[in-house]
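Q: What follows is a predicted protein model with its sequence.
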Amino acid sequence: MLLEGKKAIITGGTRGIGYAIACRFIEEGAAVTVFGSRQETADAAVEKLAAAYPEAKIWGRSCNLTSLEAVTEAFTQAAADMGGLDTVVNNAGISQRSPLLDYTAEEFAKVMDLNVVAVFNGHQAAAKIMTEAGHGGTITTTSSMVAKYGQPSGVGYPTSKFAVNGMVQSLSRELAPVGIRVNAVAPGVTRTDMVANLPEEVIKPIIATIPLGRMGEPEDVANAFVFLASDMAAYVTGAVLPVDGAARS
Ligand code: NAD
């Protein structure tokens, strides 16, 4: 098992890509704390995971990810529950597809707060706990294929994911000396609630442009997170790994 004995935090771990990451991490031997936007959704995810993996060590938490103080406190408590912290996945994120002239300042700030500020908070809290414990670890964030070419509407989302890539590349260099590897996974269109809410006329032409001929499944993306959190990726840091079927639009 690739993550035997590792202790992991996964934000946005209650559904979609984050839930698939939780499943794959557990299958590979990790203890996992899933963070949800509300305690009830975190509890529901823990119940579902415990039913699927009766032997697994699983906890559920929620906190305001956009508050550095709240994240530091919640991650510290999660590490205490699990008996340590080896790997953090910053996965919670939101999308917003408004065209520029309809985009409100509040919508823009909301996307930046969760997709960028919360990711900064996750990196700082994780690095603090790992360095104080005197060992390294891994931090992996969910970016997106839109951080390559942007997208034709909804400027906040690609802007936030370009920022994620910049943060990951910078922090991989800053945290390498203390043994913390920092990477991102950049999924293409992946079958989750985020995509299910898009109209069919938006989805169909997108699939037509994907050379592998299908949408990604959450498990496809989760497997990349397993690799980056594992010792198989011991010399991989600062990477933004595409999992997009070679989609280029
Ligand atoms: P999803 O909507 O199914 O899940 C989002 C997760 O984020 C949920 O667990 C939710 O609880 C959490 N979340 C949302 N708002 C939150 C808040 N305010 N505070 C705390 N947690 C909050 O979406 P998904 O498709 O699984 O997306 C997960 C990540 O993958 C996101 O970062 C997203 O940008 C990225 N992504 C998704 C796709 C895709 O096609 N689905 C493609 C590229 C990147």
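A: Perfect, I can see it now.
Q: Tell me the residues of the chain that contact the ligand?
A: Residues of the chain lying near the ligand by CB under 6 Å from any ligand atom: 12, 14-18, 36-37, 41, 65, 91-94, 114, 142, 144, 187, 189-190, 192-195. The C-beta positions use only the backbone N, C-alpha and C, and glycine is treated the same way.
Q: Would you state the helices of the chain in chain order?
A: 16-27, 39-52, 68-82, 105-112, 118-132, 146-149, 156-175, 193-196, 200-208, 218-229 (DSSP state H).
Q: Let's check: the centremost residue of this protein is which one?
A: Averaging the C-alpha coordinates of the chain gives a centre point, and the residue nearest to it by CA atoms, centre = their mean is residue 91 (1.9 Å).
Q: tell me the contacts of it?
A: When contacts are counted by CB atoms under 8 Å, 6 or more residues apart in numbering, residue 91 touches 10-13, 17-18, 21, 141-142.
Q: re earlier: strands - which of the residues of the chain next to the ligand land there?
A: Judged by DSSP state E, the residues of the chain next to the ligand include 36, 142, 187 as members of strands.
Q: and of the residues you listed, the nearest to residue 128?
A: residue 142 (21.3 Å; CB to CB).
Q: Would you single out the least confident of the helices of the chain?
A: Set side by side, the helices of the chain differ in mean pLDDT, and helix 193-196 is lowest with a mean of 78.
Q: and it, what other elements does it pack with?
A: Here helix 193-196 touches no other helix or strand, going by 3 or more CB pairs under 8 Å, 6 or more residues apart in numbering; DSSP states H and E.
Q: Just the buried positions in it, please.
A: Buried positions in helix 193-196, judged by neighbour count with 16 or more other CB atoms under 10 Å: residue 195.
Q: Run through who's touching that helix.
A: Contacts for helix 193-196 (CB under 8 Å, 6+ apart): 15-16, 95, 189, 203, 215.
Q: Of all pairs in the residues you listed, which one is the farthest apart?
A: Every pair of those checked by CB to CB; the farthest is 15 and 203, at 18.7 Å.
Q: can I assume residue 60 is in contact with residue 48?
A: No. In this structure, residue 60 is not within contact of residue 48 by CB atoms under 8 Å, at 10.2 Å.
Q: Give me the more crowded residue out of the two.
A: Set side by side, residue 60 and residue 48 show more neighbours around residue 60, with 24 against 17, by other CB atoms under 10 Å.
Q: Spatially nearest residue to that one, not counting backbone neighbours?
A: Nearest residue to residue 60 in three dimensions, chain neighbours excluded: residue 42, at 3.3 Å (CB to CB, 6 or more residues apart in numbering).
Q: who touches that neighbour in this structure?
A: Contact analysis of residue 42 by CB under 8 Å, 6+ apart lists 13-14, 34-36, 60-62.
Q: again, only using 6 Å
A: 14, 34, 36, 60-62 (CB atoms under 6 Å, 6 or more residues apart in numbering).
Q: Most neighbours of all those residues, which one?
A: In the contacts of residue 42, the most neighbours by other CB under 10 Å go to residue 34, 32 neighbours.
Q: hang on, the earlier thing: same drill for residue 15 and residue 203, tell me which one is more crowded.
A: Set residue 15 next to residue 203 and count neighbours by other CB under 10 Å: residue 15 wins out with 19 against 15.
Q: burial count for residue 97?
A: Around residue 97 there are 16 residues (other CB under 10 Å).
Q: so what's it up against?
A: 153-154.
Q: Let's see the pLDDT reported for it.
A: pLDDT at residue 97 comes out at 89.
Q: That one and the ligand, how far apart?
A: Going from residue 97 to the ligand by CB to the nearest ligand atom, to the nearest Å gives 12 Å.
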